[in-house]
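Student: how does the following fold in three dimensions:
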Amino acid sequence: MPQEPPPASGSSTVGLQYLRALAALMVLFHHAPWHYPTQSWLVAPVLANIGSRGVDIFFVISGFVIAHTTRGFDPQMPRGTQALDFWLKRLIRIVPLYWLAALWDAKRMVWNHEAGLDTAKDFLFVPHLNAQGLIWPHLFQGWTINYEMFFYALFALCMLAGRRRYLALSGILLGLTSVGVLIGSAQPQAHPAVVSFYTSNLLFEFLLGVWLELWMRHHPMQLARPVAVGITLAGFVMLAVPSPDAVRGFLDGPAALLIVWSTMLWTAGTELRWLRAVGDASYSIYLFHLAIFGVTNRVFHAIGLGGPGLAQTVAMITLYILFASVLGLAIHRWIEQPMLLGLRRLLGRWRVGASAHPLGA
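Tutor: Next comes the predicted model:
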């Protein structure tokens, strides 16, 4: 998922990268049994739940990172300009690669002239019900990106409140999630998709990340590594316990917060380059991991891994995660990074031109 990891007092930048890598691999593990013959233990509620909760970790990290990377915000300077600058950076970071992934996913619909209003909504990050009655875009993992974009838009809007931006953000997100509880956002068919989506308790997880950054900013601390590791493990145990969608953000959010906080503490001084590389490429891995299912299926059948036996199941899922990670690493290296570099250069030139313009300030 799209974040630039910040440093934090008493913590390690690399800890967030490790978590991004782990969260992406958790999602891959969660999706793999959908496409391959599996043993029943692989789709047991606990294992299925822990895999899907990689998203909750991503959301808490997003809130933390956005709060930290905007610490230089100056309420005495033009707020609108700073909010616009923040918003443009987020657009550059998220939109181009997402559009590439969405276009690849919808290529047959576009080629056969079957793309319609829902396809346009997908590209504009507007939630809508699909044919199965779920609030998913055609690139279904894009539902999380819709939440990311909404959070970024709210944060940019709250920057206009200056010093009260965190108070405004807290009020809005708590208000939306409270409405979700009142109307029952766990039943999206009962309400318009936009209402159900934007009142989800999952938004609370972004707010938890923001609050964590504010707390760590003013209360830096260190823990003995065994204690911090123990807290991380306890957080994952909490995530493994299935929770209903109606309260997911309120239960799994605090568990994800514990994981993010404690991991940033105990990873200080560590260096696992391969895990950090996977964390760097986690957005590419997340967006494109479904694109390789067909290829891996053909490979598995060609080498005799098409059956549901235990050894075959473990081999298929392990190899799938490896192949999907390699694909994501390649896309990150050869597409995502060059594209980001070029777009950031364009943004830098626009800033120079805007500052030279009479209305640039």
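
Student: would you mark the buried spots in the longest helix anywhere in the chain?
Tutor: If you go by DSSP state H, the chain has its longest helix at helix 79-105. Across helix 79-105, burial judged by 16 or more other C-beta atoms under 10 Å covers 79, 82-83, 85-90, 92-98, 100-102, 105. The way it works is simple: take the backbone N, C-alpha and C, and place the C-beta from them, glycine included.

Student: that helix - contacts with which helices or strands?
Tutor: helix 117-123, helix 143-158, helix 282-288, helix 337-356 (3 or more C-beta pairs under 8 Å, 6 or more residues apart in numbering; DSSP states H and E).

Student: can you tell me which of the ones you listed is most buried?
Tutor: helix 282-288 (a mean of 26; mean count of other C-beta atoms under 10 Å).

Student: circling back to that earlier point, nearest to Ala256 among the helices and strands packed on helix 79-105 would be which one?
Tutor: helix 143-158 (13.4 Å; C-beta to C-beta).

Student: helix or strand next in line after that closest one, which one?
Tutor: helix 165-183 (DSSP states H and E).

Student: quick one, that next one and helix 79-105 angle?
Tutor: Computed by axes from the mean of the first three to the mean of the last three C-alpha atoms, to 10 degrees, the angle separating helix 165-183 from helix 79-105 equals 50 degrees.

Student: which residues sit against helix 165-183?
Tutor: 67, 73, 154-155, 158-159, 161, 190-191, 195-196, 198-201, 203-204, 206-207, 210-211, 214, 246, 249 (C-beta atoms under 8 Å, 6 or more residues apart in numbering).

Student: report the buried residues of that helix.
Tutor: Those would be Arg165, Tyr166, Ala168, Leu169, Ser170, Ile172, Leu173, Leu176, Thr177, Gly180, for helix 165-183 by 16+ other C-beta under 10 Å.

Student: what do you get for stretch 25-37?
Tutor: Leu25, Met26, Val27, Leu28, Phe29, His30, His31, Ala32, Pro33, Tyr36.

Student: how far is it from where the chain is centred?
Tutor: Relative to its parent chain, stretch 25-37 has a centroid offset of 17 Å by C-alpha atoms, centre = their mean, to the nearest Å.

Student: what do you get for stretch 75-82?
Tutor: Taking the mean of its C-alpha atoms, stretch 75-82 sits 28 Å from the chain's own mean (C-alpha atoms, centre = their mean).

Student: burial check on the residue nearest to Gly209 when sequence neighbours are not counted, number of neighbours?
Tutor: Excluding the flanking residues, the one nearest Gly209 by C-beta to C-beta, 6 or more residues apart in numbering is Gly63, at 2.3 Å. When neighbours are defined as other C-beta atoms under 10 Å, Gly63 has 28 of them.

Student: just the element for Leu16, please.
Tutor: helix 13-31.

Student: straight-line length of stretch 60-79, end to end?
Tutor: The first and final residues of stretch 60-79 sit 25 Å from each other (C-alpha to C-alpha, to the nearest Å).

Student: hmm, who's touching it?
Tutor: Outside stretch 60-79, the residues that touch it by C-beta under 8 Å, 6+ apart are 1-6, 8, 16, 19-20, 23, 82, 86, 148, 151-152, 155, 159-160, 162-163, 165-166, 205-214, 217, 253, 256-257, 259-260, 361.

Student: Throw together a ChimeraX command that grabs the buried residues out of those.
Tutor: Here is the ChimeraX command that selects the buried residues among those (16+ other C-beta under 10 Å):
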select :1,2,3,5,6,8,16,19,20,23,82,86,148,151,152,155,159,165,166,205,206,207,208,209,210,211,212,213,214,253,256,257,259,260
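
Student: residue ranges with poor pLDDT in this protein?
Tutor: The chain contains residues with pLDDT under 70 at 1-12, 36-48, 185-191, 306-308, 352-361.

Student: great, nothing more from me.
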